[in-house]
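K.L.:
I need the structure of the sequence given here:
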Amino acid sequence: MGATGDLGGRVAVAAAARGARVVPAGRDPERLAALVRRLGAPGAERFDAYRLDTCAGLAARAAERLGGLDAVLVTVGVAAFGPADLARPEIEEHLAAVNALAPIAVLRGALGVVGPGAAVGAVTGVVVARPLAGAGAYRASKAALTAWLETARLEQRRRRVAVLEARPPHLANGFAGRAVAGNPPPLPAGADPQSWAEAALDALLDGAALVRPGPDGRPVREPGRPRVRAEAGPGAS
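P.N.:
Down below sits the predicted model:
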């Protein structure tokens, strides 16, 4: 989910390059069609973050196209900036829908489809680990997703389903500049989005619990539950 965005598109292409059969999910029909052609995918899924029933059914529909599903990674997200006491309710609602409720619905649906040895995950960001002035509502929405992932990871251990949180730093892909409200505060130089797409995919396939920046800015993994299967890669992105 989020394959028509920069990071999600990179993950989908990287997975296909490794031999995985990928069903991309996204919002933009033209980008989805182009991605299906590039990946040689058996199809794609469109979604609306405000249609949680549709989001919850994405994994099942991807599994039907593929004859099964080994991994799901949600990369969708949107930013907004401004003082916490001036945040507009409609912006807070939008952030909650796109950054938390829709990803949770997708992953909840995926957990009902995948079996032992599978992996699911989502992208949050380093903003969940430390406060950033002017990003209170954005951080809160991403932190809600973090809390759900941590709980799902605990619950899925006995099923041997890995639950990943990918927590990249600010990336040099223009994401912050596309905020739906406000202007980003001063940010460090953006990291390479391709290296973080590869890092998120590696962590997903290896059953990691978390991938985050280390002291030198390079991706560092925290181990999760070892996977039973070792299929080529994700069936949906």
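
K.L.:
if I look at the nearest residue to G5 once chain neighbours are set aside, how far off is N173?
P.N.:
Closest residue in space to G5, ignoring its immediate chain neighbours: T75 at 6.2 Å, by Cβ to Cβ, 6 or more residues apart in numbering. To be clear about C-beta, it is placed using only N, CA and C from the backbone, and glycine gets the same treatment. Using Cβ to Cβ, to the nearest Å, one gets 11 Å for the distance from T75 to N173.

K.L.:
again with L73
P.N.:
Note on L73: its distance to N173, by Cβ to Cβ, is 17 Å.

K.L.:
quick one, which of these two is more surrounded?
P.N.:
Neighbours were tallied for L73 and for N173 using other Cβ atoms under 10 Å; the higher tally belongs to L73 (32 against 19).

K.L.:
what's near enough to touch that one?
P.N.:
With contact set as Cβ atoms under 8 Å, 6 or more residues apart in numbering, L73 has these partners: 1, 8, 11, 120-123, 164, 166, 200-201, 204, 234, 236-237.

K.L.:
quick one, strands of the chain?
P.N.:
Secondary structure of the chain by DSSP state E: the strands cover 25-26, 45-46, 71-74, 119-123, 162-166, 210-213, 219-222.

K.L.:
next one: the third one to chain centre, how far?
P.N.:
Between the mean C-alpha point of strand 71-74 and the mean C-alpha point of its chain there is a distance of 7 Å (Cα atoms, centre = their mean, to the nearest Å).

K.L.:
neighbours of the nearest residue to V127 once chain neighbours are set aside, just the number please.
P.N.:
Setting aside the residues directly before and after it, V127 is nearest to R139 in space (Cβ to Cβ, 6+ apart), at 4.8 Å. By the measure other Cβ under 10 Å, the count of residues near R139 is 23.

K.L.:
go on, the one 10 residues further on?
P.N.:
Each residue near L149 was counted by other Cβ under 10 Å, and the total is 24.

K.L.:
Skip the chain neighbours and tell me the closest residue to it.
P.N.:
For L149, the closest residue by Cβ to Cβ, 6+ apart turns out to be E165, at 4.7 Å.

K.L.:
can you list the weak-confidence ranges in this structure?
P.N.:
Applying pLDDT under 70 to the chain flags the ranges 225-237.

K.L.:
For this protein, give the helix that spans the most residues.
P.N.:
helix 136-156 (DSSP state H).

K.L.:
Out of the strands of the chain, flag the one nearest V98.
P.N.:
strand 71-74 (10.7 Å; Cβ to Cβ).

K.L.:
Do you have the helices of this protein handy? List them.
P.N.:
6-17, 29-39, 52-56, 58-66, 89-96, 102-111, 136-156, 193-205.

K.L.:
G182: neighbouring residues, count only.
P.N.:
By the other Cβ under 10 Å criterion, the neighbourhood of G182 contains 19 residues.

K.L.:
All further residue positions should be reported with the first residue as 48.
P.N.:
Got it, first residue is 48 now, which makes that one G229.

K.L.:
ok, now how distant is the closest residue in space to A143 that isn't next to it in sequence from C102?
P.N.:
In space, not counting the residues next to it along the chain, A143 is nearest to S188; the distance is 5.1 Å by Cβ to Cβ, 6+ apart. Using Cβ to Cβ, one obtains 15 Å as the distance from S188 to C102.

K.L.:
one step back: out of the helices of the chain, nearest to A228?
P.N.:
helix 136-143 (4.8 Å).

K.L.:
which helices and strands sit right next to the closest one?
P.N.:
In terms of contacts (3 or more Cβ pairs under 8 Å, 6 or more residues apart in numbering; DSSP states H and E), helix 136-143 is packed against helix 183-203.
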